[in-house]
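**Student:** need a 3D model of the sequence below.
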Amino acid sequence: MADTRWAFARTTAFRVTLLHLLLTLAGTILVGCGAWWATVGFGARQAVAEIERGMGVLLQSGALSGPRGVALSIEARMAADRSGAEFYLLAGPDGQRIAGNLSGVPRDPGWREGTIRLPQGGEAPVLMLAAPLPGGGALVVGRDLSAVRALEQQLLSVAGWVGAAVLLLGLGGGLLIGRGVARRAAAMDSALAAVQGGDLARRLAVGRGGDEFDRLAARINATLDRLQSLMVALRGVTDDIAHDLRTPLTRLRQRLDAAATLPTAEAIAAAQQEADALLDIFAALLRIAQVESGTQRAGFTRVDLSAIAQSVAEVYAPAAEERGQGLVTDIAPGIAITGDPALLTQMLANLVENAVRHGRAGGRVVLALGAAGITIVDDGPGIPATERERVFGRFQRLDSARSTPGSGLGLALARAVADLHGMAISLEDAAPGLRVRIGLPAG
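**Tutor:** Here you go, the predicted model:
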């Protein structure tokens, strides 16, 4: 019960409200102190200065003319004081008053504040300074602080009202801010809870203010977009694996069923061939997953791409020759990029192998490398424009290519490697045939 009752005190909204209120009060107190120093403090300092100045003049008069000169100066000052705010006392060695309008002599010299009864009635606060005289006696000079104390009371009264108003406004403003923070946090929590519950299409609201909540919501939405695309891709891969692996698994089962009627060595060899094909498919899938994770960027080095292209052309020249094709190369020397040599070799090998396999028998395959990028061209049937993006997916093959060996993972791996290296790969019509164009990364 206690946890529920004080749950609001643990929220960010409450802490924001409390901090806002404390800062508002601190600012109000600082402003009040400044106002007190500039008004009440100024009046008190002015009274002190007047008392010290009057004491100095009277002591100098006493040094020149003795007690009688001091008494005459006090009488003159009292006569000139029209405000009735000045108080004096000249007492002899016996403590009896010689001149002035104060009745008692302070016991100790120095500053003190007291209350005196006025001749016209009432009392007044007085600040007094007492000093001993040579040869005995004492001199007291005072000033009425009624105006200063009245100003102080007014300032305290105003400060009380202002403080209460500021407190209420600060509390109200803090609650409004806190409610805004709580409302946006609750909306984000609700959206993320919906995503957690399986609604991957749910997104956080992004306002137009561009504050930290909007930037955070945009970043979370981008993450959710990426998560949704990965989930869709995962479902697609799962469906593709289930569909495309059914055929080789069925053939493997048929090979094993036929082992009873075929010679043992022949049956084993056929089953091994089907198993190797399955292992190649899973190895390609694993390779694509490793490339798309981006972890292999840590091992990037400076790679001679020209040398890699030349070696790939030399490897596939015999395969092209078997189909009566000419493998033509136009490779500029000395082109280097930062990357993984094994992955770049695999990418070029997949693309050249596709060109040789799907190109026209007796035709020509061109592998070109220049400063603008890599181009691989064949003169086969090509790929329709509506299918060129789809064939980059896993297990995606054209109907016309299903009779040829392959798993439909070559272009998927090529795109994954290209994306990892910051390259743009695209398919174009070579009229006739297909042109694969790969742009090199900047730098």
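**Student:** the closest residue to Val352 other than its chain neighbours and Ser157, how far apart?
**Tutor:** Spatial nearest neighbour of Val352, excluding adjacent residues (Cβ to Cβ, 6 or more residues apart in numbering): Tyr316 at 5.0 Å. Using the backbone N, CA and C atoms, a C-beta is placed for each residue, glycine as well. Relative to Ser157, Tyr316 is positioned 97 Å away (Cβ to Cβ, to the nearest Å).
**Student:** tell me how far the longest strand seen in the chain lies from the chain's centre.
**Tutor:** For the chain, the longest strand by residue count, based on DSSP state E, is strand 123-132. In terms of Cα atoms, centre = their mean, to the nearest Å, the centre of strand 123-132 is set 63 Å apart from its chain centre.
**Student:** go on, stretch 182-194?
**Tutor:** Worked out by Cα atoms, centre = their mean, stretch 182-194 lies 18 Å from the chain centre.
**Student:** pLDDT on it, on average?
**Tutor:** Mean per-residue pLDDT for stretch 182-194: 83.
**Student:** can you give me the buried ones in it?
**Tutor:** Neighbour counts over stretch 182-194 (16 or more other Cβ atoms under 10 Å) mark 182, 184, 188, 191 as buried.
**Student:** contacts for stretch 329-348, please.
**Tutor:** Residues from elsewhere that reach stretch 329-348 (Cβ atoms under 8 Å, 6 or more residues apart in numbering): 287, 291, 296, 299-306, 308-313, 366-371, 374, 376, 413-414, 417-418, 420-421, 440-441, 443.
**Student:** list the buried residues for it?
**Tutor:** 331, 335, 337, 339-341, 343-348.
**Student:** looking at those, which is nearest Asp276?
**Tutor:** Proximity of those to Asp276 (Cβ to Cβ) peaks at Gln346, which lies at 18.2 Å.
**Student:** what helix or strand is that closest one on?
**Tutor:** helix 341-358 (DSSP states H and E).
**Student:** which strands and helices sit next to the helix or strand following that helix?
**Tutor:** Where DSSP H and E defines the elements, the next helix or strand beyond helix 341-358 is strand 364-370. Contact here means 3 or more Cβ pairs under 8 Å, 6 or more residues apart in numbering; DSSP states H and E; on that basis strand 364-370 packs against helix 305-322, strand 326-331, helix 341-358, strand 373-377.
**Student:** using JSON lines, please lay out the ones you listed together with mean pLDDT.
**Tutor:** JSON lines is the format used below for those (pLDDT from 0 to 100):
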{"stretch": "helix 305-322", "mean pLDDT": "93"}
{"stretch": "strand 326-331", "mean pLDDT": "92"}
{"stretch": "helix 341-358", "mean pLDDT": "90"}
{"stretch": "strand 373-377", "mean pLDDT": "93"}
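**Student:** I'd say Ala99 and Ile74 touch.
**Tutor:** Yes. Counting by Cβ atoms under 8 Å, Ala99 touches Ile74, with 4.6 Å between them.
**Student:** more crowded one of these two?
**Tutor:** Ile74 (23 against 19; other Cβ atoms under 10 Å).
**Student:** by mean pLDDT, point me to the weakest helix or strand of the chain.
**Tutor:** When each helix and strand of the chain is scored by mean pLDDT, DSSP states H and E, helix 2-5 comes last, with a mean of 49.
**Student:** ok, Ala269 to Ala275 distance?
**Tutor:** Distance of Ala269 to Ala275, computed by Cβ to Cβ: 11 Å.
**Student:** who touches Arg203 in this structure?
**Tutor:** 191, 221, 224.
**Student:** where along the stretch 201-350 of the chain do the strands fall?
**Tutor:** Secondary structure of the stretch 201-350 of the chain, counting by DSSP state E, counting those that start in this stretch: strands at 301-304, 326-331, 336-339.
**Student:** just give me how far the first one sits from the chain centre.
**Tutor:** Read it as strand 301-304. Counting by Cα atoms, centre = their mean, strand 301-304 is centred 36 Å from the centre of its parent chain.
**Student:** and this protein, what are its domains?
**Tutor:** 2-38+152-188, 40-144, 200-244, 296-439 (automatic domain parsing).
**Student:** export those domains to a markdown table and append columns for distance to Gln254.
**Tutor:** Below are those laid out as a markdown table (distance: least, Cβ to Cβ, whole Å):
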| stretch | distance to Gln254 |
| --- | --- |
| domain 2-38+152-188 | 55 |
| domain 40-144 | 104 |
| domain 200-244 | 17 |
| domain 296-439 | 18 |
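**Student:** deepest-packed of these, please.
**Tutor:** Ranked by mean neighbour count, the domains of the chain are led by domain 296-439 with a mean of 17 (mean count of other Cβ atoms under 10 Å).
**Student:** tell me which of the helices and strands packed on strand 364-370 sits nearest to Ala130.
**Tutor:** That would be helix 341-358 among these, by Cβ to Cβ, at 97.9 Å.
**Student:** kindly calculate the angle that the closest one makes with strand 373-377.
**Tutor:** 20 degrees (axes from the mean of the first three to the mean of the last three Cα atoms, to 10 degrees).
**Student:** CA atoms only for helix 341-358 - export them in PDB, please.
**Tutor:** The C-alpha atoms that make up helix 341-358 are tabulated as PDB, following Å, rounded to 0.1, in the frame of the first residue of the first chain:
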ATOM      1  CA  PRO A 341      40.500  -9.800 -49.800                       C
ATOM      2  CA  ALA A 342      38.700 -13.200 -49.300                       C
ATOM      3  CA  LEU A 343      35.200 -11.600 -49.400                       C
ATOM      4  CA  LEU A 344      36.100  -9.500 -52.500                       C
ATOM      5  CA  THR A 345      37.400 -12.600 -54.200                       C
ATOM      6  CA  GLN A 346      34.200 -14.500 -53.400                       C
ATOM      7  CA  MET A 347      32.100 -11.600 -54.700                       C
ATOM      8  CA  LEU A 348      33.900 -11.400 -58.100                       C
ATOM      9  CA  ALA A 349      34.000 -15.200 -58.400                       C
ATOM     10  CA  ASN A 350      30.200 -15.500 -57.900                       C
ATOM     11  CA  LEU A 351      29.500 -12.800 -60.400                       C
ATOM     12  CA  VAL A 352      31.900 -14.100 -63.100                       C
ATOM     13  CA  GLU A 353      30.700 -17.700 -62.500                       C
ATOM     14  CA  ASN A 354      27.100 -16.500 -63.000                       C
ATOM     15  CA  ALA A 355      28.100 -14.700 -66.200                       C
ATOM     16  CA  VAL A 356      29.800 -17.800 -67.600                       C
ATOM     17  CA  ARG A 357      27.000 -20.200 -66.500                       C
ATOM     18  CA  HIS A 358      24.100 -18.100 -67.800                       C
END
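**Student:** could we number from 686 for the rest of this?
**Tutor:** From this message on, residue numbering opens at 686, which makes the last subject helix 1026-1043.
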